[in-house]
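[1] What follows is a protein structure lacking sequence information:
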Ligand code: SF4
């Protein structure tokens, strides 16, 4: 077994800053600040994308909410619909009809001729869909949009319910990336979170994906789950390395049963404490580093030749609802229940969350738009700074000044004052030109505190006192 020693973090400073709840900023501004919207609002925002000096190409997120069984830790927007349940087939089909109707509707909207450079199917469990369903959905997408020949086309795969036949079809239909929900390899942890998938099952699925020619195989892992210990995590990480994924998202489990009812059965006494979770995270940083992976942003690791690592080096990385992605220069369109569109420099749009409501809205109104957040100039500037922090662990004022024509030092006078305080506590270094670099490991593990300083919607003291609670865990 690998016996790596994680880097050391100053425990007193870590305790002082980490005992508070802060957002992870998968969006800025956060959904708390969005307002109700209609399809007319959405159309106006889509039209605005056409008035930009340079129209952008697009990416498409497709949400499939169904799952065969519930994982106890799940914070996703999903519906448990066993295929043997009466009416399950009909429920799936009406959702699929509504999803295709929304894709067709967006295909008539301004800018539909601009190519899709990325497509991502997430959930829920996208491979809940049968072969015919998958073919229908892909055909509808190609009829509504122009898909670039070299598009990145990815799908989230649950090894427990995905067949080699499905993977083979997906590959034939142009999917070239898969993301496997692995979470943890320890049998006791798997039993407690009700997600049982032996190492051999994941190993065989990875082998099938490689055989079929998927260019990137990604894993999602979670640390902080019940009954995890440093030794079980060390073992999970070691097993993960033997399968050599191209990219890994190493998420922190957030226990918020007051918001996520399914977590009620997970009691505090089962959970590792915050110091242990910190050690789990640092162990991951150490082991992935030793295995040759680049550490990216808050919690991602990628092989240096993987697109995510290349995008991090080129500064084209972005953080959004899908985690860390390439394609910062694309407009993101979301379809399906709860999905979010991010129209660059224009705003966010979100569909209704609940799948039955999504179907009803599509049937009666031809649209499921529910919430929106048009960006102000200040939103755009701060979003760019927060993105630099999460994607590159630094702030480069010259880039922000060139893009937004501001004097960074004057615009962020208060925030730069706080950066000096954080420098004294060892979270950042402030260099010439007000370039801010997050330190390793302390600044990287307290990245959310640094980003919170630039969030104009939080209390100005939130970065050290906490005032928001906004976590999520990807499936
Ligand atoms: S973690 Fe994934 S597979 Fe499990 S219930 Fe949630 S969405 Fe479904």
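    Structure received. Quick caveat: nothing in here was measured; it's all calculated off a predicted structure.
[2] Helix or strand for residue 222, just tell me which one.
    Assessed by DSSP states H and E, residue 222 sits inside strand 216-223.
[3] Tell me the strands beside that strand, with direction?
    strand 177-183 (parallel), strand 247-252 (parallel) (DSSP bridges).
[4] The helix or strand hosting residue 103 - contacts with which helices or strands?
    Assigned by DSSP H and E, residue 103 falls within helix 88-106. Applying 3 or more Cβ pairs under 8 Å, 6 or more residues apart in numbering; DSSP states H and E, one finds that helix 88-106 contacts strand 58-64, helix 131-144, strand 331-335, helix 355-365. Backbone N, C-alpha and C define where each C-beta goes, glycine included.
[5] Please spell out which residues along that helix are buried.
    91, 92, 95, 96, 98, 99, 100, 101, 102, 103, 105, 106 (16 or more other Cβ atoms under 10 Å).
[6] phi, psi of residue 155?
    Note on residue 155: backbone dihedrals following degrees, to the nearest 10 are phi -150, psi 140.
[7] Tell me the secondary structure at residue 148.
    strand (DSSP: H, G, I helix; E, B strand; the rest coil).
[8] Name the residue closest to the centre of this protein, please.
    A centroid search over the chain (Cα atoms, centre = their mean) returns residue 323, at 2.0 Å, as the residue closest to the centre.
[9] In contact with the closest residue to residue 71 other than its chain neighbours, which residues?
    Closest residue to residue 71 apart from its sequence neighbours, by Cβ to Cβ, 6 or more residues apart in numbering: residue 195 at 4.3 Å. By Cβ atoms under 8 Å, 6 or more residues apart in numbering, the contact list for residue 195 reads 71, 72, 73, 160, 181, 183.
[10] quick one: which of those is most hemmed in?
    residue 73 (26 neighbours; other Cβ atoms under 10 Å).
[11] Show me what counts as buried in the helix or strand harbouring residue 235.
    Per DSSP H and E: residue 235 is located in helix 230-243. For helix 230-243, the neighbour count (16+ other Cβ under 10 Å) marks 232, 233, 234, 235, 236, 237, 239, 240, 241, 243 as buried.
[12] Quick one: closest of the helices and strands packed on helix 88-106 to residue 302.
    strand 58-64 (18.4 Å; Cβ to Cβ).
[13] Which residue is the nearest non-sequential neighbour of the residue of the stretch 151-300 of the chain found nearest the ligand?
    Across the stretch 151-300 of the chain, no residue is closer to the ligand than residue 158, which sits at 5.0 Å (Cβ to the nearest ligand atom). Spatial nearest neighbour of residue 158, excluding adjacent residues (Cβ to Cβ, 6+ apart): residue 125 at 4.8 Å.
[14] Next, residue 28: secondary structure please.
    coil.
[15] One more: the one 4 residues further on?
    Under the three-state scheme (three-state DSSP), the conformation of residue 32 reads as helix.
[16] Do I have it right that it meets residue 455?
    No - contact criterion Cβ atoms under 8 Å: residue 32 and residue 455 do not qualify, at 11.0 Å.
[17] Among those two, which residue is more densely surrounded?
    residue 455 (24 against 12).
[18] In contact with the residue nearest to residue 158: list those residues for me.
    Contacts of residue 125 by Cβ under 8 Å, 6+ apart are 64, 66, 67, 68, 78, 156, 158, 161, 475.
[19] what about the spatially closest residue to the second one that is not a sequence neighbour, how many neighbours?
    Closest residue to residue 66 apart from its sequence neighbours, by Cβ to Cβ, 6+ apart: residue 128 at 4.3 Å. Residue 128 is surrounded by 22 other residues when neighbours are defined as other Cβ under 10 Å.
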